[in-house]
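J.: Provided below are the primary sequence and the corresponding predicted coordinates.
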Amino acid sequence: MKSPLRILHLEDNQADAELVREMLLAEEIDCAVTCVKSPEDYARALEVGDFDLILTDFSLPRFDGLSALSLAREKRPGTPTIFVSGTMGEEAAIRCLQQGATDYVLKDRLARLPSAVRRAVTEAQELALRKKLEAQLLRAQRLETIGALAGGIAHDLNNVLAPILMGTQILGQEVMSEAGRKILETMRARALRGAEMIQQILTFARGVGGEPAMLDPNQLLAEVQSLASETFPRAIRLQLHIPGALHPVLGNATQLHQVLLNLCVNARDAMPHGGSLCLAAQNVTLDKASTRWQPEPVSGEFVLLTVSDTGHGIPPELLDQVFDPFFTTKELGKGTGLGLSTVLGIVKSHGGFLDVSSEVGRGTTFKIYLPANVPRPAPAPEPAPEVSPDI
Ligand SMILES: Nc1ncnc2c1ncn2[C@@H]1O[C@H](COP(=O)(O)OP(=O)(O)OP(=O)(O)O)[C@@H](O)[C@H]1O
Ligand SMILES: [Mg+2]
């Protein structure tokens, strides 16, 4: 249960309001109560404040409980409402419950209030969570469908591009002017790039490339960077830092693309007003290294892939949760919360591990360590057995 619990209490009698507050505090329900007396203040509070629970008297001067309830249902649909009343008859209570009240407690049985509050708030939270999970699941299924459709769309697009590519080739032999040739060359290069992107999307949607192969991390990063530079807003500057030749890694290219793309998309989302996104790679030799997500110390040769952004960052208290399936801070319909859990799964299945550092307002850096495939140095020749000289 949230702490402190934000409660809106509609009660015209000061003493009763005090009693309710004391009853909750005595039962160790940490709460911040906003008490209002008039219908106008009640309506205003519903308009501006965010509450976890509404308590309301049933019979009030100039106002009645049922109207208070219907206003609450209209303005704050997910917030549970409990009637706390001295005069509520059985019939009125039933009507309130039918119209969506969560519970009712009589003022002379106030001892029941804390447990009613706990139950109402917990149930409302569970319901909100269930709704969110349902929406996320639907979105995941939609994305799955788009993935399935992408295959067909890519195929059609290939058919669109094929005659353009062929045409530019044939015309290349007929067009003589320098300017005309330049235009044709640009057209051909862009069409080829389009075909390449379609191929990438197709590979990604099919999830093929199943067999592990020896991969060049430079190429992985360059491919992801090129896809990002075609599709991300211009306000996001892309940088690629590769110090030179890297060790190869044994892995699944499609899955590793997916890892890097997920991280890049998260970085993009963290920079709605632009910023810089840097992809980097380097060889590293680890000696009993460990991270928050890899407590067991690791040693050996690794390739370190880094994706860093200058976005809004991740608050420290959320850092532990970001890899949880369905954990998202994005508004409904914008994030499924499956990106990072997939990243973690793929990295682990490659025998690697990861690390994250983030500072709110400054940016985030994800580090992916993949085991490097380093050719073993030839074993040193066995020292020749010592032969004792014949005497
Ligand atoms: N680079 C980042 N900067 C800031 N926050 C991030 C970053 N990457 C991840 N996060 C946080 O971690 C959460 C979980 O990320 P994850 O990729 O798993 O899900 P999502 O992006 O919300 O949804 P999905 O990837 O399924 O569309 C995000 O909602 C966001 O709060
Ligand atoms: Mg994501």
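T.: Looks like it came in fine. Ligands and ions are numbered 1, 2, ... in the order given.

J.: dump the residue contacts of Leu184.
T.: Neighbouring residues of Leu184 by Cβ atoms under 8 Å, 6 or more residues apart in numbering: 168, 171-172, 175. In short, each C-beta sits where N, CA and C put it, glycine included.

J.: how about 10 Å then?
T.: 167-172, 174-175 (Cβ atoms under 10 Å, 6 or more residues apart in numbering).

J.: you'd agree it is in a strand?
T.: No: assessed with DSSP: H, G, I helix; E, B strand; the rest coil, Leu184 is helix; it does not lie in a strand.

J.: which pLDDT value belongs to it?
T.: Confidence at Leu184, expressed as pLDDT, is 93.

J.: could you point out where this structure is predicted with low confidence?
T.: Counting by pLDDT under 70, the ranges of the chain that qualify are 200, 203-204, 206-210, 377-391.

J.: tell me the residues of it that contact ligand 1?
T.: Counting by Cβ under 6 Å from any ligand atom, the residues of the chain close to ligand 1 are 262, 266-267, 270, 309, 311-314, 322, 327-330, 335-341, 364.

J.: related to what we said a few turns ago, which of the contacts of Leu184 count as buried?
T.: Buried residues within the contacts of Leu184, counting neighbours by 16 or more other Cβ atoms under 10 Å: Thr168.

J.: reformat the contacts of Leu184 as CSV; add secondary structure.
T.: As requested, the contacts of Leu184 are arranged in CSV below (three-state DSSP):
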residue, secondary structure
Gly167, helix
Thr168, helix
Gln169, helix
Ile170, helix
Leu171, helix
Gly172, helix
Glu174, helix
Val175, coil
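
J.: immediately after the strand or helix carrying Arg73, which helix or strand?
T.: Element membership of Arg73, judged by DSSP states H and E, is helix 65-75. Using DSSP H and E, the helix or strand that follows helix 65-75 in sequence is strand 81-85.

J.: how far off centre is that next one?
T.: Its chain's C-alpha centre and that of strand 81-85 lie 38 Å apart, by Cα atoms, centre = their mean, to the nearest Å.

J.: go on, stretch 91-107?
T.: On Cα atoms, centre = their mean, the centre of stretch 91-107 falls 39 Å from the chain's centre.

J.: name the residue of this structure that lies nearest to ligand 2.
T.: Nearest residue of the chain to ligand 2: Gly339, at 2.8 Å (Cβ to the ion).

J.: what does the nearest residue to that residue once chain neighbours are set aside show for phi and psi?
T.: Excluding the flanking residues, the one nearest Gly339 by Cβ to Cβ, 6 or more residues apart in numbering is Asn262, at 4.2 Å. Dihedral pair for Asn262: phi -60, psi -40, per degrees, to the nearest 10.

J.: burial count for Asn262?
T.: Look at Asn262: counted by other Cβ atoms under 10 Å, it has 19 neighbours.

J.: OK, contacts around it?
T.: Contacts for Asn262 (Cβ under 10 Å, 6+ apart) come out as 307, 338-343, 346, 366.

J.: run the last query once more with 7 Å
T.: By Cβ atoms under 7 Å, 6 or more residues apart in numbering, Asn262 lies in contact with 339-340, 342-343.

J.: cool, Gly172 as well?
T.: Applying Cβ under 7 Å, 6+ apart, we find Gly172 in contact with 181, 184.
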